[in-house]
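Q: I would like to see how this sequence folds:
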Amino acid sequence: MTDPITDTTTNRGGDKTGAHVLVETAAAEGVEVCFANPGTTEMPLVTALDAVPAVRPVLGLFEGVCTGAADGYARIAGKPAMTLLHLGPGFANGAANLHNARRAHSPILNVVGDHASWHLAYDAPLTSDIISLARPVSGWVGTVGSVDDMARTTAEALAAARTPPGCGATLIVPVDFQQQTVTETLAETSLRPAPAPAHVDADVVERLAKRLRGGSRAVLLLGAGALTEQGQRAAERIAAVTGARLYSETFPATAERGGGLPDLDRLPYFPEAAIKALAAAGTVVLAGAVEPISYFGYEGIPSLLAPPGSVEVLAAPGDNAVQALEDLADALGAPVVTHGRAATPDGAHLPEGPLTPGTIGRIVSALLPEEAIVSVEGGTCGYPFFTASVKALRHITLTNTGGAIGQGLPAALGAAIAAPERQVVALQSDGSAQYTIQALWTMAREQTSVVTLIASNRKYNILRTELTRHGASGAGPASTALTSLDDPALDWMGLARGYGVPAGRAETGDELARALRRALAAGGPRLIEMVL
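A: Modelled structure (predicted):
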């Protein structure tokens with residue numbers, strides 16, 4: 001135990017502190033952004049960000065914004081962002097979006113400041129078991145044990161975060177080790193390159209090719225690693241010679257869409273529809289996806305959605321799914337097809353009447369600029385947009401991989417930080433947007449090019465559907481109150497203005513098209529309430 005008054009190892013000026021070395025090590029490992037909501041035990045790290053300008057600090061008003069933004073950033077940039085969180089309660093505030101990030105296999109480094117090592121024994125009010133909080137949403141958890149361990153442990157955390165299939169790493173850093181002077185230099189710490197995705201063995205490819213040559217009706221279920229243009233083209237070749245149907249996993253971390261890519265849809269969310277989609281398949285080939293299961297357990301409906309004995313793993317998450325699909329296409333003798341330029345979406349003949357989820361999907365798809373990024377959260381418009389977006393210009397869609405609500409707006413923010421040259425659209429439902437609405441403030445502060453589209457039906461529509469599925473014949477006063485958002489109605493114009501984001505409102509297709517065109521032309525963050 002060290003006395004804070006007499007500690008002679010605390011930095012006195014010119015030497016590097018542990019906090020400085022942590023940030024410097026992260027920068028050397030390729031970290032460029034830190035999404036932060038710091039507190040007292042992170043102040044040395046805050047000052048270290050002054051000393052290491054290679055890492056850009058981005059303030060979030062709520063930890064769930066920071067963790068969701070780090071997820072969106074990692075999905076687009078393909079490399080870790082760092083979060084800076086305050087003790088166990090701060091980490092707990094961000095855990096829901098870390099759950100989503102882990103399901104997305106996003107490489108995130110969470111840095112959590114802890115009490116001084118000599119103070120932990122006194123069980124101060126903010127003391128908590130950070131390790132136990134972190135384990136369920138982190139693939140790696142570690143604690144810095146001394147100031148001279150700082151560089152090595154930080155590098156180890158980042159290596160773990162980047163190891164396929166990708167996982168969150170949580171590094172706990174007592175504040176006294178942040179403040180003390182480091183005797184080990186960064187040059188003495190070995191920085192390791194990120195490992196490459198595993199190659200799929202040739203015998204796996206040949207076994208699957210033999211099964212498909214035998215005439216087995218097939219479905220190819222593509223995960224995020226296979227939903228690149230190259231992966232989809234390879235899957236298209238396989239489908240051309242086998243008749244296989246193509247599906248995306250239900251909630252892919254990323255999916256390239258439009259611009260002439262194959263017309264594949266997401267596997268349906270509700271289990272009855274997913275079972276029907278897979279029912280005729282003798283073989284369900286998983287390419288970067290996991291075996292499809294029901295999102296929830298319903299009496300009388302199987303949890304495993306594919307026909308028994310049909311599932312074959314071509315590539316697991318973290319494997320090189322694109323190469324595996326190309327190898328399988330080659331093994332089947334599938335010819336390579338040259339594709340011409342895709343048709344330009346028709347933006348002149350759009351729906352003009354009252355807004356519906358279907359018309360919103362068509363309008364947004366038709367007006368998306370090329371290389372846009374669309375962060376989708378909410379059942380109201382998510383599926384209709386994804387279906388319609390095959391006719392859009394080339395873009396990337398992000399979905400809510402883990403189902404924890406409040407991912408859409410922060411992920412859009414992180415994506416915009418990762419790719420400032422690209423237009424980002426957050427297609428969001430009104431209820432889920434309220435979980436992390438503070439993301440609007442950071443969008444305004446950072447002047448990110450995000451257009452937020454709020455599907456405003458003033459209710460938790462998915463819960464109304466689930467009430468019916470659980471046998472409710474009608475909504476009583478309690479269930480109505482717990483699934484309604486109209487008493488009082490959310491003032492989206494006032495909320496957006498309060499966070500510094502210009503806003504508009506649309507009730508018809510014509511109004512939405514005009515408002516979206518204006519928002520896309522204006523740049524910077526904008527919000528449009530779409531009244532259904």
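Q: residue 84 - that's part of a strand, no?
A: Yes. Assessed with DSSP: H, G, I helix; E, B strand; the rest coil, residue 84 lies in a strand.
Q: how many neighbouring residues does it have?
A: Residue 84 is flanked by 28 other residues according to other Cβ atoms under 10 Å. In short, each C-beta sits where N, CA and C put it, glycine included.
Q: ok, the nearest residue to it once chain neighbours are set aside to residue 90 distance?
A: Excluding the flanking residues, the one nearest residue 84 by Cβ to Cβ, 6 or more residues apart in numbering is residue 36, at 3.8 Å. Noted for residue 36: a distance of 10 Å to residue 90, by Cβ to Cβ, to the nearest Å.
Q: OK, contacts around residue 249?
A: 221-224, 266-267, 289-290, 292 (Cβ atoms under 8 Å, 6 or more residues apart in numbering).
Q: rerun that using 7 Å as the cut-off
A: Contact analysis of residue 249 by Cβ atoms under 7 Å, 6 or more residues apart in numbering lists 221-223, 267, 289.
Q: before we move on, what about residue 112?
A: Listed by Cβ under 7 Å, 6+ apart, the contact set of residue 112 reads 85, 87, 91, 130, 170, 172-173.
Q: quick check, nearest of the residues you listed to residue 461?
A: residue 91 (31.6 Å; Cβ to Cβ).
Q: what lies in contact with the helix or strand encompassing that closest one?
A: In this structure, residue 91 sits in helix 87-103 according to DSSP states H and E. Around helix 87-103, the neighbours that count as contacts under Cβ under 7 Å, 6+ apart are 37, 39, 41, 62-64, 66-68, 70-71, 83, 85, 108, 110, 112-114, 126, 128-130, 133-134, 137, 139, 167-168, 400-402, 404, 406-407, 410.
Q: shouldn't residue 398 be in contact with residue 372?
A: No. Counting by Cβ atoms under 7 Å, residue 398 stays clear of residue 372, with 11.3 Å between them.
Q: of those two, who's got more company?
A: Set residue 398 next to residue 372 and count neighbours by other Cβ under 10 Å: residue 398 wins out with 30 against 25.
Q: please name the nearest non-neighbouring residue to the more buried one.
A: Per Cβ to Cβ, 6+ apart, closest to residue 398 is residue 375, 4.7 Å.
Q: that's a strand at the one you found, yeah?
A: Yes. According to three-state DSSP, residue 375 belongs to a strand.
Q: give me the distance between stretch 136-144 and the centre of its chain.
A: 19 Å (Cα atoms, centre = their mean, to the nearest Å).
Q: give the rounded mean pLDDT of that stretch.
A: The pLDDT scores in stretch 136-144 average 97.
Q: list the buried ones in it?
A: Within stretch 136-144, the residues that count as buried by 16 or more other Cβ atoms under 10 Å are 137-144.
Q: among these, which are located in strands?
A: Using DSSP state E, 140-143 are the members of these that sit in strands.
Q: tell me where the stretch 251-400 of the chain has helices.
A: Shown for the stretch 251-400 of the chain, the helices assigned by DSSP state H, counting those that start in this stretch span residues 271-278, 321-331, 357-367, 382-388.
Q: mind checking pLDDT for the residue lying closest to residue 429 once chain neighbours are set aside?
A: Spatial nearest neighbour of residue 429, excluding adjacent residues (Cβ to Cβ, 6+ apart): residue 378 at 2.7 Å. With respect to pLDDT, residue 378 scores 83.
Q: neighbours of residue 378, just the number please.
A: Based on other Cβ under 10 Å, the number of other residues close to residue 378 is 24.
Q: gap between it and residue 332?
A: As judged by Cβ to Cβ, residue 378 and residue 332 stand 39 Å apart.
Q: and residue 163, its phi and psi?
A: Main-chain torsions, residue 163, degrees, to the nearest 10: phi -70, psi 130.
Q: quick one: low-confidence parts of this structure?
A: Scanning the chain for pLDDT under 70 picks out 1-14, 184-192, 471, 473-474.
Q: what are the contacting residues of stretch 345-359?
A: By Cβ under 7 Å, 6+ apart, stretch 345-359 touches 362-363, 365-367, 380-381, 384, 391-393, 506-510, 512-513, 530-532.
Q: next, count neighbours for the nearest residue to residue 255 once chain neighbours are set aside.
A: Take residue 255 and drop its neighbours on the chain: the residue closest to it by Cβ to Cβ, 6+ apart is residue 227, 4.1 Å away. As a burial measure, residue 227 scores 27 neighbours (other Cβ under 10 Å).
Q: same thing with residue 28?
A: The burial count for residue 28: 18, using other Cβ under 10 Å.
Q: give me the phi and psi for it.
A: Main-chain dihedrals, residue 28, degrees, to the nearest 10: phi -60, psi -30.
Q: ok, now which ones touch residue 160?
A: Each residue near residue 160 by Cβ under 7 Å, 6+ apart is listed here: 139-140, 169.
Q: dump the residues you listed to JSON lines, plus distance to residue 205.
A: Listed next are those as JSON lines, based on distance: Cβ to Cβ, whole Å:
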{"residue": "139", "distance to residue 205": "28"}
{"residue": "140", "distance to residue 205": "31"}
{"residue": "169", "distance to residue 205": "32"}
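Q: coming back round to it: greatest separation within the contacts of residue 249: which pair is it?
A: Across the contacts of residue 249, the longest distance by Cβ to Cβ is 10.9 Å; it joins 223 and 267.
Q: neighbour count for the two, which is higher?
A: Taking other Cβ under 10 Å, residue 223 and residue 267 do not tie; residue 223 has more neighbours (26 against 22).
Q: who touches that one in this structure?
A: Residue 223 sits next to 249, 252, 287-289, 317, 321 when contact means Cβ under 7 Å, 6+ apart.
Q: which among these end up buried?
A: Using 16+ other Cβ under 10 Å as the threshold, 249, 252, 287-289, 317, 321 are the buried ones among the contacts of residue 223.
Q: name the nearest of the residues you listed relative to residue 162.
A: When the buried ones among the contacts of residue 223 are compared against residue 162 (criterion: Cβ to Cβ), the nearest one is residue 317, at 14.4 Å.
Q: helix, strand, or coil at the nearest residue to that closest one once chain neighbours are set aside?
A: Once flanking residues are discounted, residue 317 sits nearest to residue 165: 4.1 Å by Cβ to Cβ, 6+ apart. For residue 165, the assignment made with three-state DSSP gives coil.
Q: ok, residue 165 - contacts?
A: Here residue 165 is in contact with 105, 317-318 (Cβ under 7 Å, 6+ apart).
Q: ok, of those, which one's closest to residue 182?
A: The closest of these, once distances to residue 182 are taken by Cβ to Cβ, is residue 105, at 32.5 Å.
Q: which residues are in contact with the closest one?
A: Going by Cβ under 7 Å, 6+ apart, residue 105 touches 165-167, 253, 317-318.
Q: please repeat the previous calculation with a cut-off of 10 Å.
A: 74-75, 139, 164-168, 223-225, 253, 288, 317-318, 401 (Cβ atoms under 10 Å, 6 or more residues apart in numbering).
Q: likewise residue 441?
A: Contacts of residue 441 (Cβ under 10 Å, 6+ apart): 59-62, 65, 413, 498-501, 525.
Q: give me that answer again for 8 Å
A: Residue 441 neighbours (Cβ under 8 Å, 6+ apart): 61, 499-500.
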